[in-house]
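Enquirer: any chance you can model this:
(one chain, ligands or ions: 2)
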Amino acid sequence: MSRRKIIIDTDPGQDDAVAILLALASPDALDVLGITAVAGNVPLALTAKNARVICELAGKVDVPVFAGCDAPLSRKLVTAEHVHGKTGLDGADLPDPAMPLQDAHAVDFLVDTLRAAPSGSVTLCALGPLTNIAAALTRAPDIAGRVPEIVLMGGAYFEVGNITPAAEFNIYVDPEAADIVMKSGIKLTIMPLDVSHKALTTRPRIEAFRALGTRIGETVAGWTDFFERFDMEKYGHDGAPLHDPTVIAYLLEPDLFTGRHINVEIETGSDLTRGMTVADWWRVTDRPANATFMGGVDADRFFRLLTDRLARL
Ligand code: RIB
Ligand code: CA
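Expert: Ligands and ions are numbered 1, 2, ... in the order given. Here you go, the predicted structure:
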């Protein structure tokens, strides 16, 4: 398999952290050109710090980390400490990073890298609000034609909302950014709550992380232990949905997932349904399809892939 060049845009967050570890554990398949932090689960200063904490945990301090947008394009930032804790990585006690943050702004890194790389060679993996990516597309519209695919975690159809009754967090935080991405013309693959709510960190799956007997395994078990309490109380599930690693797993084993190529548009006008992903799952409109919207996942295989790869770090 040829190595796929990727940039990970992220707001770590425990599930982002597991996704980043999965990517860094897969150098056979993925070449992580850089990690761009965005404000989301916690403020930018913490997401930019956490991205470096994760790289150091994985022993991959050569991966450049960039700080991006500290607020949505045109709204006040909404964060999710109630889910992720004050640090964004509660559940494990890790040292502050020694590796430096890159001087360049994340949006400049996105634009410059996409312009310098051969067209169609760098996939974007979006694990948080889409502010950085939308800002790059607005600043440099020419890069849209150079991005072969954006694989993003966000939105929902059957699962509706997790931050409001109507909206999933990543899209809710910056609906205008999501709207720009949905209308960009770039090939989009969306991992919504409809998928992640079928990929639950049940007790046996968390124990499988712990059974790795490594610092990585213990840390991921601690993160998922912490992360799951919110969703279990709210949904009564026997585990937390492991949202962001589905994006990386898709790059490694796309046949883990099933979905439909449909039209997906973003509600930006209404306060009541702000950030809703209006997914034409049943194709009841003549709106053109603009995204592959996933609905199913082989959860056992997903967690086997994840655990096997984490064992490599
Ligand atoms: O709604 C889940 C998404 O919001 C995940 O990406 C999680 O990390 C948060 O960013
Ligand atoms: Ca995230």
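Enquirer: give the contact list for the one residue in the stretch 151-300 of the chain that gets nearest to ligand 2.
Expert: Residue of the stretch 151-300 of the chain nearest ligand 2, by Cβ to the ion: Asp244 (4.9 Å). All C-beta atoms are positioned from the backbone trio N, CA, C, and that covers glycine. Applying Cβ atoms under 8 Å, 6 or more residues apart in numbering to Asp244 gives the contacts Thr10, Gly13, Asp15, Asp16, Val18, Ala19, Leu127, Met153.
Enquirer: can you list those in a markdown table and add pLDDT, secondary structure and neighbour count?
Expert: Putting those into a markdown table (pLDDT from 0 to 100; DSSP: H, G, I helix; E, B strand; the rest coil; neighbours: other Cβ atoms under 10 Å) gives the following:
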| residue | pLDDT | secondary structure | neighbour count |
| --- | --- | --- | --- |
| Thr10 | 99 | strand | 32 |
| Gly13 | 96 | coil | 29 |
| Asp15 | 97 | helix | 29 |
| Asp16 | 98 | helix | 31 |
| Val18 | 98 | helix | 27 |
| Ala19 | 98 | helix | 27 |
| Leu127 | 99 | coil | 31 |
| Met153 | 99 | strand | 30 |
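Enquirer: for Thr307, see how far away Pro129 is.
Expert: Shown here: Pro129 relative to Thr307, a distance of 28 Å by Cβ to Cβ, to the nearest Å.
Enquirer: got it, and Pro27?
Expert: Counting by Cβ to Cβ, the gap from Pro27 to Thr307 is 18 Å.
Enquirer: and if you look at Leu101?
Expert: The spacing between Leu101 and Thr307, counted by Cβ to Cβ, is 31 Å.
Enquirer: could the contacts of Asp244 go into CSV alongside distance to Val63?
Expert: CSV is the format used below for the contacts of Asp244 (distance: Cβ to Cβ, whole Å):
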residue, distance to Val63
Thr10, 12
Gly13, 17
Asp15, 19
Asp16, 14
Val18, 16
Ala19, 14
Leu127, 15
Met153, 20
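Enquirer: all strands of the stretch 51-200 of the chain, in order?
Expert: Along the stretch 51-200 of the chain, counting by DSSP state E, counting those that start in this stretch, strands occupy 65-67, 122-126, 150-153, 188-191.
Enquirer: would you turn the ones you listed into a markdown table with distance to Ile143?
Expert: Shown next, in a markdown table, are these (distance: least, Cβ to Cβ, whole Å):
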| stretch | distance to Ile143 |
| --- | --- |
| strand 65-67 | 16 |
| strand 122-126 | 9 |
| strand 150-153 | 11 |
| strand 188-191 | 15 |
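Enquirer: now do the helices in the stretch 51-200 of the chain.
Expert: Assigned by DSSP state H, counting those that start in this stretch, the helices in the stretch 51-200 of the chain fall at 81-84, 106-116, 131-139, 169-173, 175-182, 193-196.
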